[in-house]
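Asks: The following comprises the amino acid sequence and a computationally predicted model.
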Amino acid sequence: MNIAVIPARGGSKRIKHKNIKSFAGKPLIAYSIDAAINSRQFDEIIVSTDSPDIAKIARECGATLVIERPANLADDFTGTTPVVQHAIKEYERLYQAVDFVCCIYATAPFLSADYLLQGINQLKQDEKKQYAFSVTTFDFPIQRAIRLAAGGVEPIDSSKMGKRSQDLEECYHDAGQFYWGRKEAFLAGAPTFAHHSIPVILPRYLVQDIDTPEDWQRAELMYNAYIEG
């Protein structure tokens, strides 16, 4: 029994109504729902929200169930894990037990059903692993990062500044698209960024955070170039 949980709070501050704002012709959340449907891995596609508008559009886009999120889980400070835990507990209270859960962000227009499938297949193959989630590489060596200091700049690690890029370890970051996990791991609050997690590596051109209007504009340009183009 596999369920997708798509957290979609209504109170976006920097981009008003972000989760249902039209992105390249359809509501942003629709891309996450479509990828979940096309993966054919889910018995239920659940949207957790405090917004009636998001609930209505999510159903129209193909979500099979909407779980109303309580006010204490809909503020600016609540993380994703408590929201997923609430959705799991509510689903099991109302319906039946689940095995695997995939938290999918509502702001992931580049999400691919193929990578969702890759994640669950890898997780099922190793009983010691608890999660499988999307990652991608940094586009610049983080070892050569600098900070603003004393009216100028200074290196984070001066010993790395003269090294060639190819001599530095390639580093990865969370791609912010999906997080497959065993139900027990989510409910226990097991950390995601740990040895018991499997990285599903995405190309950088399929990754873009959407937190600001500038991010939104960049994401639409990327989508039109790479997906529609």
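Replies: Received, thanks. Residues are numbered from 1 along each chain as shown.
Asks: Wait, Ala36 touches Ile45, no?
Replies: Yes: between Ala36 and Ile45 there is a contact at 4.8 Å, judged by Cβ atoms under 8 Å. Heads up, the C-betas are built off the backbone N, CA and C, glycines and all.
Asks: Residues that sit against both of the two, list them.
Replies: With contacts taken as Cβ atoms under 8 Å, 6 or more residues apart in numbering, the residues that reach both Ala36 and Ile45 are Ala4, Ile6.
Asks: separation between Asp99 and His17?
Replies: Distance, Asp99 to His17, by Cβ to Cβ, to the nearest Å: 34 Å.
Asks: Ala30 now?
Replies: 14 Å.
Asks: Looking at these two, which has the bigger crowd around it?
Replies: The residue with more neighbours, out of Ala30 and His17, is Ala30; 22 against 16, by other Cβ atoms under 10 Å.
Asks: which one is the more buried one nearest to, not counting chain neighbours?
Replies: The shortest distance from Ala30 to any non-neighbouring residue, by Cβ to Cβ, 6 or more residues apart in numbering, is to Cys61 (4.2 Å).
Asks: Enumerate every residue touching the one you found.
Replies: Counted by Cβ under 8 Å, 6+ apart, Cys61 has contacts Lys26, Pro27, Ile29, Ala30, Ile33, Asp34.
Asks: Beyond the lengthiest helix in the chain, next helix or strand please.
Replies: Longest helix of the chain, by residue count under DSSP state H: helix 80-94. Next along the chain after helix 80-94, taking DSSP states H and E as the criterion, comes strand 100-104.
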